[in-house]
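Trainee: What follows is a predicted structure for the sequence shown.
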Amino acid sequence: MNDHDKAKLAQPRPVCESISEMTEIVLPNDANPLNALLGGRLMHWIDMAGAMAAHRHSRTYVVTASIDHMDFLVPVRVGDFVVLRSSVNRVFRTSMEVGVKVWVENYRAEESHHVSSAYLTFVAIDAAGNKVTVSPVVPETEDEKRRYEDAARRREIRRKESERRNGVRS
């Protein structure tokens, strides 16, 4: 990679360049015996949707470092569409917080409901697995600015929780 390409990759990018949307149809193989979507399958889709936003922003490989607390708000049934929307909320140095919001669409009943939201942390790496610096993200809308600020608070909470689990005092 030449210096021009490296400089281009280092330029700040707006949140809108990372926005990704993914739609899945729930099939019988995705469900439990009650025909409800398996939580693990939804978590997999959330991870994939988050990785797409992180990859779009960082333009390099990314690995999942963590996922915050998740609640499953409404059941999702076989035949429903699951729509996942993701974007980068904030970049730290080599890591990014990505928000993923999930909806279920029942096209037969013409209904849509919020299923879950999650915050994931991804780390950018090169082909050898070394961490690489990520370009800053630029929030433009009021909602993006709010999520940007909230990401810093969530990061501090994650840091304190990690210290608590590892027996480190702050």
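Mentor: Arrived safely. Source: prediction; values computed, not measured.

Trainee: Now do the contacts for Ala127.
Mentor: Tyr61 (C-beta atoms under 8 Å, 6 or more residues apart in numbering). Heads up, the C-betas are built off the backbone N, CA and C, glycines and all.

Trainee: gap between the top strand by length along the chain and the chain center?
Mentor: The strand spanning the most residues in the chain, taking DSSP state E as the definition, is strand 111-125. Strand 111-125 sits 4 Å away from the centroid of its parent chain (C-alpha atoms, centre = their mean, to the nearest Å).

Trainee: Then stretch 148-168?
Mentor: A distance of 17 Å separates the centroid of the chain from that of stretch 148-168, by C-alpha atoms, centre = their mean.

Trainee: elements contacting the longest strand of the chain?
Mentor: Applying 3 or more C-beta pairs under 8 Å, 6 or more residues apart in numbering; DSSP states H and E, one finds that strand 111-125 makes contact with helix 39-58, strand 61-67, strand 81-91, strand 95-106, helix 142-165.

Trainee: So which of those is nearest Ser20?
Mentor: helix 39-58 (4.0 Å; C-beta to C-beta).

Trainee: mind listing what's buried in the closest one?
Mentor: Neighbour-count burial for helix 39-58 flags 41-42, 45-58 (criterion: 16 or more other C-beta atoms under 10 Å).

Trainee: Could you measure from Phe81 over to Leu37?
Mentor: Phe81 sits 11 Å away from Leu37, going by C-beta to C-beta, to the nearest Å.

Trainee: what touches both of the two?
Mentor: Taking C-beta under 8 Å, 6+ apart as the contact rule, Phe81 and Leu37 both touch Val26.

Trainee: and those two? which has more neighbours close in?
Mentor: Leu37 (23 against 15; other C-beta atoms under 10 Å).

Trainee: With adjacent residues omitted, what lies nearest to the more buried one?
Mentor: Using C-beta to C-beta, 6 or more residues apart in numbering and skipping the chain neighbours, the partner closest in space to Leu37 is Val76 (3.9 Å).
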